[in-house]
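A.B. asks: Below are the sequence and a predicted model for it; my questions follow.
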Amino acid sequence: MKISQEELKQLVDAAIDIKKHCYAPYSNFRVGAALLGEDGKIYTGVNVENCSYGLTICAERTAYTKAVSEGCKKFKAIVVSSDVEDKFITPCGACRQFAIEFGDFDVVCVKPDRTMSASTTLEMLPGFFLELPKDSAKN
Ligand SMILES: O=c1ccn([C@H]2C[C@H](O)[C@@H](CO)O2)c(=O)[nH]1
């Protein structure tokens, strides 16, 4: 992992704490995410569900969207937290594709007891699709 133990601890704390803001009345499945930008800031996110179920946005994509809209597009790591105690909950396919758009960085899944499983965006989506527009450096 490229981040320090102190950064990891802060991300784990934030990912667990932010679950209190989840809006998951349909699944009752809470997910919290904490994303560390290369700007040093932590961008958190929660899953936000909708009565039209397919409109639901995952915690991870909430965090990426918050970061980008606040001017940060480069990331060091994301920590994903759920309430599931007996296995690690890993990002869904949509969140993996959303993440790889922003390059290769650490992805850490954490259980309520703070045990962790570490991976990277690249490991999680081999053979990914990515076609950046030619003038993407400007954006
Ligand atoms: O990586 C994931 C997978 C699922 N969910 C959310 C979506 C939905 O609200 C609930 C159950 O799928 O969990 C996330 O936030 N992140």
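C.D. replies: Arrived safely. Small disclaimer: the values here were computed from a predicted structure and weren't measured.
A.B. asks: Roughly how far does the residue nearest the centre of the chain sit from the ligand?
C.D. replies: Nearest to the mean C-alpha position of the chain, by CA atoms, centre = their mean, lies Glu60 at 3.2 Å. Per CB to the nearest ligand atom, to the nearest Å, Glu60 is found 6 Å from the ligand. Heads up, the C-betas are built off the backbone N, CA and C, glycines and all.
A.B. asks: isn't there a helix covering that residue?
C.D. replies: Yes - the assignment for Glu60 is a helix, going by DSSP: H, G, I helix; E, B strand; the rest coil.
A.B. asks: so Ala15 sits right up against Arg30, yeah?
C.D. replies: No - using CB atoms under 8 Å, Ala15 is not in contact with Arg30; the gap is 11.0 Å.
A.B. asks: More neighbours: those two, which one.
C.D. replies: Per other CB atoms under 10 Å, whichever of Ala15 and Arg30 has more neighbours is Ala15, with 28 against 19.
A.B. asks: and the gap between that one and Lys76?
C.D. replies: 14 Å (CB to CB, to the nearest Å).
A.B. asks: Find the helix or strand that Asp13 is a member of.
C.D. replies: In the assignment (DSSP states H and E), Asp13 maps to helix 5-17.
A.B. asks: go on, Ala118?
C.D. replies: For Ala118, the host element (DSSP H and E) is strand 116-120.
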